[in-house]
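Chemist: how would this look folded up:
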Amino acid sequence: MPGLDSLRDDLRRFAAERDWDQFHSPKNLAMALSVEAAELLERFQWMTEEASRKPDAVEMVKIQEEVGDVLNYLIRIADKLNIDLLDAASKKIQANELKYPIEKSRGNSKKYTEL
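Modeler: Now for the predicted structure:
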């Protein structure tokens, strides 16, 4: 499986070959990411909780396509803004560990401001 750098490079090449880089501002990419995230959400819209945990094979292909779109746009945004995705994600986990201490948040779905 390719790493994030390889995917970034593939996306750069894909956009350059089509002269789409001119359209790939962070603003436009963020809007496109939001649309793709909504399309992912739509795949689950009328599923039960249980069905969402075990989609059938046909639905799983569609979900994978939407997840791929979301990831690709996220990688493009990070590339345009020189954000290291793995570093950003790691830092966010660390920040969430402070916001959601185990003793207050275990088994609880409340937002950190309500703990």
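Chemist: now do the helices in this structure.
Modeler: 4-17, 26-44, 49-53, 57-80, 85-99, 102-105 (DSSP state H).
Chemist: mind putting the ones you listed into TSV with distance to Tyr112?
Modeler: Bear in mind the C-beta positions are built from the backbone N, C-alpha and C, glycine included. Output for those, formatted as TSV (distance: least, CB to CB, whole Å):
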stretch	distance to Tyr112
helix 4-17	28
helix 26-44	22
helix 49-53	24
helix 57-80	24
helix 85-99	4
helix 102-105	8
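Chemist: the ones you listed: which one's closest to Thr113?
Modeler: helix 85-99 (8.7 Å; CB to CB).
Chemist: may I see the buried residues of that closest one?
Modeler: Leu85 (16 or more other CB atoms under 10 Å).
Chemist: hang on, the earlier thing: a markdown table please, covering the helices of the chain and showing mean pLDDT and distance to Lys111.
Modeler: Below are the helices of the chain laid out as a markdown table (pLDDT from 0 to 100; distance: least, CB to CB, whole Å):
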| stretch | mean pLDDT | distance to Lys111 |
| --- | --- | --- |
| helix 4-17 | 97 | 29 |
| helix 26-44 | 98 | 20 |
| helix 49-53 | 96 | 21 |
| helix 57-80 | 98 | 23 |
| helix 85-99 | 96 | 9 |
| helix 102-105 | 91 | 10 |
